[in-house]
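Okay, structure incoming, though there's no sequence with it:
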């Protein structure tokens, strides 16, 4: 299925934590493998990020068979003092951005 995703050089606007959280918010049943492919990260990196998000109170999960069902805590404040707002505010901005993008084929 895959090796290490292609590396990205240079800076980006979003952290990997934000990308993973957005992927989970879009589909609460998404697999770690699919998050890793979408975010161009290793599966191990995604596992570590999910653990960080859970320990920070931004995310919880429950097991359903062999799968995880994730739940985002939308009212949790963002971590950096300069970042006003909540997780819901961030996800709303990202959703608006995605809705303005042209469809990919």
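Nice, thanks for sending it over. Just so you know, these numbers come straight off a predicted model, no measurement behind them. Residues are numbered from 1 along each chain as shown.

what about the nearest residue to residue 31 once chain neighbours are set aside, distance to residue 17?
Excluding the flanking residues, the one nearest residue 31 by Cβ to Cβ, 6 or more residues apart in numbering is residue 67, at 7.4 Å. All C-beta spots, glycine's among them, are computed from the backbone N, C-alpha and C. As judged by Cβ to Cβ, to the nearest Å, residue 67 and residue 17 stand 22 Å apart.

the more surrounded of these two?
It is residue 17, of residue 67 and residue 17, that has more neighbours when counted by other Cβ atoms under 10 Å, with 16 against 11.

Next, the contact list for the more buried one, please.
Residue 17 makes contact with 49, 52-53 under the criterion Cβ atoms under 8 Å, 6 or more residues apart in numbering.

For ChimeraX, write the selection for the buried entries among those residues.
A single ChimeraX command selects the buried members of these (16 or more other Cβ atoms under 10 Å):
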select :49,53
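
So which of the contacts of residue 17 are in helices?
Taking DSSP state H as the definition of helices, those contribute 49, 52-53.

List the buried residues of the helix or strand containing residue 60.
Using DSSP states H and E, residue 60 sits within strand 59-64. By neighbour count on 16+ other Cβ under 10 Å, the buried set for strand 59-64 is residue 59.
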